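Asks: Take a look and give me a structure for this.
(one chain, ligands or ions: 1)
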Amino acid sequence: MKKVLILATGGTISSRAGEGGLAPTAAPPALMSALEEFRAYYDLTYRAILNLDSSNIQSEEWQLIARSVYESLPQYDGIVITHGTDTMAYTASALTFMLQNLNKPVVLTGSQIPIGTPLSDARSNLATALAAVDHDVIGVSIAFNHKLLSGCRAVKVRTMGFDAFESVNSPDVGEFFADGVHLLSRRRPCKSEPCLLKDKLCNDIFLLRLIPGTNPKIFDSLLELGYRGVVLEGFGAGGMHFVRRDLSPKIKRLVERGVPVVVSSQCLYEQSDFSLYEVGRKVLATGAIQSLDMTTEAAVTKLMWALGQTSDMEEIREIFATDYAGEITFEHLNA
Ligand code: ASP
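Replies: Below you'll find the predicted structure:
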């Protein structure tokens with residue numbers, strides 16, 4: 001019987017309707033009784049470390065979760081983290097970078113409807129998460145709607161549908177059918193290297209989604225406000241305007257002042273390549289770093305993590321040229 005720690009952090013899965021709207025509770029009776037049923041198959045320990053809607057989960061909470069996982073992992077076969085769905089993909093990506101050389105399963109799950117309601121998806125999502133531990137799916141993943149997704153590739157794509165998450169630019173890790181679990185890709189355990197907690201993060205990151213005509217002066221404001229890193233979502237395969245409102249000189253100024261600028265696409269799928277078009281090459285010439293096919297969640301958390309480790313621009317470039325856990329496609333890195 002696998003020994004599994006459930007770390008509860010809040011979210012809809014733990015929520016009950018109150019006067020102020022749906023809000024999480026630390027140990028909702030319906031969750032406790034579901035876990036009691038699962039105890040026929042798993043040796044479960046439940047610990048509520050947070051009690052928050054995931055809109056309130058930020059870098060400080062990621063650090064608390066990462067430390068709890070790191071300290072508890074030696075005593076368990078795997079850890080299931082219950083979490084709100086809204087920012088789950090950010091937490092999953094952040095944990096991927098903070099817990100280096102992870103050699104056991106760490107599975108996040110939640111639900112679209114509270115566990116105490118008849119239509120709730122909570123019980124089956126929990127079952128999927130526990131099955132992932134049972135099958136030794138190494139690394140950080142998200143279990144949702146009978147699917148298992150790599151934590152650093154997951155994006156929340158639906159507000160109401162039960163199929164709320166998608167794995168972007170990477171196949172699902174696994175799918176659950178009537179005949180059992182189909183594991184499609186699996187990370188190898190890093191046997192030789194021990195798991196490392198690298199939990200320093202920089203919170204001063206700005207994500208800017210361009211619109212046609214974004215005023216270049218916004219970049220001066222970001223410098224004045226003390227931002228240390230910027231993720232910039234441009235258009236299509238990789239472009240930003242230079243007619244009338246030329247963005248490149250301002251981006252260059254940021255880079256020269258030691259602020260890494262990571263450029264990506266507003267398109268959800270496939271990789272961006274700023275070397276294709278003139279509107280992209282001008283941006284690349286500023287010293288901006290390409291995010292290639294990373295999700296926005298992965299690019300943002302990788303930058304927060306990178307700036308937590310170093311403020312050296314070359315080291316940050318090196319971090320973005322490294323695939324830590326499948327967050328970026330190796331072939332694109334070496335193209
Ligand atoms: N607002 C909730 C949260 O993210 C939504 C959910 O869990 O589905 O905490």
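Asks: Residue numbers of this protein in contact with the ligand?
Replies: Contacts of the chain with the ligand, taken as Cβ under 6 Å from any ligand atom, map to 11-12, 53-55, 84-86, 110, 112. To be clear about C-beta, it is placed using only N, CA and C from the backbone, and glycine gets the same treatment.
Asks: Now for those residues: which two are most distant?
Replies: Within the residues of the chain next to the ligand, S55 and Q112 form the most distant pair, 15.0 Å apart (Cβ to Cβ).
Asks: which one of the two has more residues nearby?
Replies: The residue with more neighbours, out of S55 and Q112, is Q112; 21 against 10, by other Cβ atoms under 10 Å.
Asks: can you pull the contacts of S55?
Replies: 84, 86-87 (Cβ atoms under 8 Å, 6 or more residues apart in numbering).
Asks: hmm, 6 Å instead?
Replies: D86 (Cβ atoms under 6 Å, 6 or more residues apart in numbering).
Asks: Surely it forms part of a helix?
Replies: Yes: S55: assigned to a helix according to DSSP: H, G, I helix; E, B strand; the rest coil.
Asks: Next one, pLDDT for it please.
Replies: pLDDT recorded at S55 is 97.
Asks: Also L225?
Replies: Model confidence at L225, given as pLDDT, is 98.
Asks: thinking again about what came up before, kindly write the ChimeraX command that selects the buried subset of the residues of the chain next to the ligand.
Replies: The buried subset of the residues of the chain next to the ligand, as determined by 16 or more other Cβ atoms under 10 Å, is captured in ChimeraX by this line:
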select :11,12,53,54,84,85,86,110,112
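Asks: Mind checking which of the residues of the chain next to the ligand land in strands?
Replies: Using DSSP state E, the subset of those located in strands is empty.
Asks: and which of the residues of the chain next to the ligand is nearest to the ligand?
Replies: Closest approach between these and the ligand, by Cβ to the nearest ligand atom: G84, at 1.9 Å.
Asks: can I assume that closest one is in contact with S14?
Replies: No: G84 is beyond contact range of S14, at 8.6 Å (criterion: Cβ atoms under 6 Å).
Asks: Strands of the stretch 51-200 of the chain, residue ranges please.
Replies: In the stretch 51-200 of the chain, the segments counted as strands under DSSP state E, counting those that start in this stretch are 78-82, 99-100, 105-109, 139-144, 147-150, 154-156, 165-167, 174-177, 180-183, 196-197.
Asks: Tell me which residue is most central in the chain.
Replies: S93 (2.6 Å; Cα atoms, centre = their mean).
Asks: In contact with it: list those residues for me.
Replies: Counted by Cβ under 6 Å, 6+ apart, S93 has contacts 152, 297-298, 301.
Asks: repeat for N169
Replies: Contacts of N169 by Cβ under 6 Å, 6+ apart are D293.
Asks: Can you tell me the element the residue of the stretch 201-335 of the chain found nearest the ligand falls in?
Replies: In the stretch 201-335 of the chain, the residue that lies nearest the ligand is E297 (13.8 Å; Cβ to the nearest ligand atom). Assigned by DSSP states H and E, E297 belongs to helix 296-309.
Asks: elements contacting that helix?
Replies: Helices and strands touching helix 296-309, by 3 or more Cβ pairs under 6 Å, 6 or more residues apart in numbering; DSSP states H and E, are helix 88-98, strand 205-209, strand 229-234, strand 261-265.
Asks: Throw these into CSV and include mean pLDDT, thanks.
Replies: Output for these, formatted as CSV (pLDDT from 0 to 100):
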stretch, mean pLDDT
helix 88-98, 98
strand 205-209, 98
strand 229-234, 98
strand 261-265, 98
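Asks: Out of these, which one sits most buried?
Replies: Of these, the one with the most neighbours on average (mean count of other Cβ atoms under 10 Å) is helix 88-98, at a mean of 28.
Asks: Count the neighbours of G18 for me.
Replies: Neighbour count of G18, defined by other Cβ under 10 Å: 9.
Asks: what residue ranges in this protein score low on pLDDT?
Replies: The chain contains residues with pLDDT under 70 at 186-191.
Asks: Okay, and the beta partners of L148?
Replies: With DSSP bridges as the criterion, L148 is bridged to A143, G174.
Asks: Roughly how far does it sit from V230?
Replies: For L148, the distance to V230 equals 32 Å [Cβ to Cβ, to the nearest Å].
Asks: before we move on, what about L7?
Replies: 32 Å.
Asks: Spit out the contact partners of A92.
Replies: Neighbours of A92 in contact, by Cβ under 6 Å, 6+ apart: 108, 140, 142, 151, 154.
Asks: Equivalent analysis for M98, please.
Replies: Counting by Cβ under 6 Å, 6+ apart, M98 makes contact with 66, 198-199.
Asks: Now with 7 Å, please.
Replies: Residues in contact with M98 (Cβ atoms under 7 Å, 6 or more residues apart in numbering) are 62, 66, 197-199, 305.
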